[in-house]
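# show me how the following folds:
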Amino acid sequence: MATYVGAIDQGTTSSRFIVFDKAGNIVSVGQKEHEQIYPKPGYVEHDPLEIWRNTQGVIQEALAKKGLKPQDLAAIGITNQRETTLIWDKRTGKPLHNALVWQDTRVDSIVEEFAKDGGHDRLRAKTGLPLASYFSGLKLRWLLDNVPGAREKAAAGDVLFGNIDTWLVWNLTGGVNDGCHITDVTNASRTQLMNLQSLDWDEEILKLFDIPHACLPRIKSSSEVYGVAKDDLVGVPIAGILGDQQAALVGQACFEQGEAKNTYGTGCFMLMNTGETPYPSKCGLLTTMGYKFGDAKPVYALEGSIAIAGALVQWLRDNLGMIQASSEIETLARSVEDNGGVTIVPAFSGLYAPHWNSHARGLIGGLTRYATKAHIARAALEATAFQTREVLEAMAKDTGIAVKELRTDGGMVVNELLMQFQADILDVPVVRPKVIETTALGAAYAAGLAVGFWAGTDDLVRNWAIDKRWTPAMDGNRRSRLNAEWDKAVSRSLDWAE
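Okay, the predicted model is just below:
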């Protein structure tokens, strides 16, 4: 009898395969990085064939470590870097071009062209998203316009489009031999081609962007049996797909309206479950799919993206040489009682949510002769917490829902000074779960639900366990003063570059 569920976690820098038991504990892991390709300034690409080879390799690695066989897995789920876009030949299985990564900005001029008529928010009502180079739809438009013969073959259904989830499912289920060409609602919602109400491709937007319907995958729920794997996972149902941030929402068991998670990595991504209502944002957030389990009603989310979080610590290490390793930042910051009046706004490439000011630039303010590198280290950690506070306040304004606690994951959550300051500045408890690999866990949960490995979300809520909780301990007057100092510093950073 199958006693485990597997999850493919295909990220921006690496691919992993993680095996989980019924309690949501990690049994085995395989991981391998892939090349980052930068052909020109602003261009970021991945080799889809390398990603597929690495995915096969990490599956083999994770199974071999524990002597597991395909029949030990009840199902597998997939979570993936969202918005990364590729097209491939249906008959040969070969990509027609490298994948355009979500960070790629080559379509900026196309974005501005479409924004001339109706502005950047002209598609928000349908898609929940502003016109931006971030999303897949215009990346697909660029590929169809710039790869010789691609548009004609796509219109005939001989060239297929997908985000990375679609590419992996197609290969896992047979590829050129009738592989399944599908995606789930969370990934489809990041293309800017799906209507958030109908959960189907929007014909008016397809016409606007000049995208042929024949190349698009079928949109499925996030939790159902899509097909059966071949080769290394022969016979195992592929039964769950979630974009990476939505997968973390599920892995954190945020199934109630108003529950929110924040992933602290290079940047930060906060998602709030808004229930069955897609709240339109007036405060600089994205309206997106949260998840859809089988035939159940879809659940929506608001998302706030922060560009620089852990990357600021890396900057102090690599550019200024203030620390030798990122892990040293907490010790250095703890050596002083407060930030000594120093505030850092890490707007290295503008500010994301809720400001969306591409002309903002980073600054260090409040410097006096009293300030030391320890104060700067503390201010760097605090910058992540202040930015998170701005996003959480925007979510409350958009929804009228006050978050009762913030669930956290990602590499920075091991920093206990940051977690305590986050609770203090939000005036809301901050919680770190025992299993912080929440992205892969969410994909495993989606797959396991589809095949009855877990009976329902109540089982997943019972699995979720707290490693540590931080409760607010800051005086209200001090909190107000610190927030005011941050707001002042941000105001100075806006529109710095002309």
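
# if you average pLDDT over the helix ranked longest in the chain, what comes out?
When the chain is scanned for its longest helix (criterion: DSSP state H), the result is helix 373-399. Taken as a whole, helix 373-399 has a mean pLDDT of 95.

# which parts of it are buried?
373-395, 398-399 (16 or more other Cβ atoms under 10 Å). C-beta: built from backbone N, CA, C; applies to glycine.

# okay, stretch 29-49 in CSV with CA atoms only?
This file holds the C-alpha atoms of stretch 29-49, laid out as CSV (Å, rounded to 0.1, in the frame of the first residue of the first chain):
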residue,chain,number,x,y,z
VAL,A,29,14.8,15.0,-0.8
GLY,A,30,16.7,15.3,-4.1
GLN,A,31,17.8,18.7,-5.4
LYS,A,32,19.8,20.1,-8.4
GLU,A,33,20.4,23.6,-9.6
HIS,A,34,20.1,24.7,-13.2
GLU,A,35,21.8,27.4,-15.3
GLN,A,36,20.6,31.0,-15.3
ILE,A,37,21.0,32.4,-18.9
TYR,A,38,21.3,36.2,-19.5
PRO,A,39,21.6,36.8,-23.3
LYS,A,40,21.1,40.6,-23.0
PRO,A,41,20.4,43.1,-20.2
GLY,A,42,16.9,42.5,-18.9
TYR,A,43,16.7,39.0,-20.6
VAL,A,44,16.5,36.0,-18.3
GLU,A,45,16.2,32.5,-19.7
HIS,A,46,16.2,28.8,-18.6
ASP,A,47,16.8,25.7,-20.7
PRO,A,48,13.6,23.7,-20.5
LEU,A,49,15.4,20.5,-21.5
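
# test my guess that R432 contacts L418.
No. Here R432 does not reach L418: they are 10.8 Å apart, not a contact under Cβ atoms under 8 Å.

# give me the more crowded residue out of these two.
Neighbours were counted for R432 and for L418 using other Cβ atoms under 10 Å; L418 has more, 27 against 17.

# the more buried one touches E330, doesn't it?
Yes. With contact defined as Cβ under 8 Å, L418 reaches E330; the gap is 7.5 Å.

# common neighbours of those two, please.
Residues touching both L418 and E330 (Cβ atoms under 8 Å, 6 or more residues apart in numbering) are L381.

# who's I76 bridged to?
Beta-bridge pairing for I76 (DSSP bridges): G6, I238.

# what's around it, how many residues?
Applying other Cβ under 10 Å, we find 26 residues neighbouring I76.

# make 35 the starting number, not 1.
Noted, 35 is the first residue going forward, which turns the last one into I110.

# which ones are touching it?
Shown in contact with I110 (Cβ under 8 Å, 6+ apart): 39-42, 263, 267, 270-274, 478, 481.

# same question, Y334
Y334 makes contact with L230, N307, T308, G309, E310, T311, P312, Y313, T321, T322, M323, G324, according to Cβ under 8 Å, 6+ apart.

# change it to 7 Å
Taking Cβ atoms under 7 Å, 6 or more residues apart in numbering, we find Y334 in contact with T308, G309, T311, P312, T321, M323, G324.

# next, the fifth one: secondary structure please.
To tie it back to what came earlier, the one meant is T321. Under DSSP: H, G, I helix; E, B strand; the rest coil, T321 falls in the strand class.

# same check, this time on the fourth one
The three-state assignment at P312 reads coil, by three-state DSSP.

# residue boundaries of the strands in the stretch 235-384 of the chain?
252-254, 257-262, 271-277, 294-298, 302-309, 320-325, 333-340, 377-379 (DSSP state E, counting those that start in this stretch).

# buried residues in the first one?
Of the residues in strand 252-254, those buried under the neighbour-count criterion (16+ other Cβ under 10 Å) are I253, K254.

# go on, the fifth one?
Within strand 302-309, the residues that qualify as buried by neighbour count (16+ other Cβ under 10 Å) are C302, F303, M304, L305, M306, N307, T308, G309.

# now swap in the second one and tell me
When neighbours are counted by 16+ other Cβ under 10 Å, the buried residues of strand 257-262 are found to be S257, E258, Y260, G261, V262.

# the first one contacts Y479, correct?
No. When contacts are counted by Cβ atoms under 7 Å, S257 is not listed as touching Y479 (8.2 Å).

# compute the number of surrounding residues for S392.
Other residues close to S392 by other Cβ under 10 Å number 12.

# nearest residue to it in space, please, no chain neighbours.
Closest residue in space to S392, ignoring its immediate chain neighbours: G384 at 3.9 Å, by Cβ to Cβ, 6 or more residues apart in numbering.

# most neighbours out of the contacts of I110, which is it?
A478 (38 neighbours).

# report the contact partners of that one.
By Cβ under 7 Å, 6+ apart, the residues touching A478 are V39, G40, A41, F54, G111.

# what are the contacting residues of stretch 83-91?
Stretch 83-91 is contacted from outside by I42, Q44, S49, K66, H68, E69, P129, I198, L202, N205, D266, using Cβ under 7 Å, 6+ apart.

# again, 6 Å this time
S49, K66, H68, N205 (Cβ atoms under 6 Å, 6 or more residues apart in numbering).

# OK, contacts around the third one?
The reference is to H68. By Cβ under 6 Å, 6+ apart, H68 lies in contact with E84, I85, N88.

# the first one sits in which helix or strand?
Spelled out, that is E84. Using DSSP states H and E, E84 sits within helix 82-99.

# for that helix, buried residues please.
Within helix 82-99, the residues that count as buried by 16+ other Cβ under 10 Å are 82-86, 88-93, 95-97.

# ok, now stretch 128-141?
Buried residues in stretch 128-141, counting neighbours by 16+ other Cβ under 10 Å, are found at P129, L130, H131, N132, A133, L134, V135, W136, D138, R140, V141.

# stretch 381-391 too?
For stretch 381-391, the buried set under the neighbour-count rule, 16+ other Cβ under 10 Å, comprises A381, G384, L385, Y386, A387, P388, H389, N391.
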